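Engineer: Here's a sequence, model it:
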Amino acid sequence: MVRYKCFNCNEEVSIEYVRKRIRCPYCGSKIIYKARERVTHVKAR
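Structural biologist: All right, here's what the predicted structure looks like:
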């Protein structure tokens, strides 16, 4: 699942809203980015 977040207020924005509009629905900022999950690397012994 792809998650988008506002760079200014850090609120999560739904993908349906991003497809229709470019601004954040909470603060009106134009900068929205994909939130990435942290990846943990485990070394094999």
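Engineer: show me what contacts Ser14?
Structural biologist: Tyr4 (C-beta atoms under 8 Å, 6 or more residues apart in numbering). C-beta here means a position set from N, CA and C on the backbone, and glycine is covered the same way.
Engineer: repeat that with 6 Å
Structural biologist: If you count contacts by C-beta atoms under 6 Å, 6 or more residues apart in numbering, Ser14 has none.
Engineer: Please apply the same query to the one 3 residues further on.
Structural biologist: Each residue near Tyr17 by C-beta under 6 Å, 6+ apart is listed here: Pro25.
Engineer: Where does it fall, secondary structure wise?
Structural biologist: Element membership for Tyr17, per DSSP states H and E: helix 15-20.
Engineer: Now do that helix: distance to the chain's middle.
Structural biologist: 12 Å (C-alpha atoms, centre = their mean, to the nearest Å).
Engineer: Just name the shakiest helix or strand of this structure by mean pLDDT.
Structural biologist: When each helix and strand of the chain is scored by mean pLDDT, DSSP states H and E, helix 15-20 comes last, with a mean of 83.
Engineer: re earlier: restrict the helix holding Tyr17 to CA atoms and write it as PDB.
Structural biologist: Taking Å, rounded to 0.1, in the frame of the first residue of the first chain, the C-alpha atoms of helix 15-20 are listed here in PDB:
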ATOM      1  CA  ILE A  15      -4.100   8.200  -2.600                       C
ATOM      2  CA  GLU A  16      -7.600   9.100  -4.000                       C
ATOM      3  CA  TYR A  17      -7.100  12.700  -2.900                       C
ATOM      4  CA  VAL A  18      -3.600  12.900  -4.400                       C
ATOM      5  CA  ARG A  19      -5.000  11.700  -7.800                       C
ATOM      6  CA  LYS A  20      -7.500  14.600  -7.900                       C
END
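Engineer: buried residues in that helix?
Structural biologist: Val18 (16 or more other C-beta atoms under 10 Å).
Engineer: Kindly report the same for stretch 30-45.
Structural biologist: Result for stretch 30-45 [16+ other C-beta under 10 Å]: buried residues Ile32.
Engineer: so how far is that stretch from its chain's centroid?
Structural biologist: Worked out by C-alpha atoms, centre = their mean, stretch 30-45 lies 12 Å from the chain centre.
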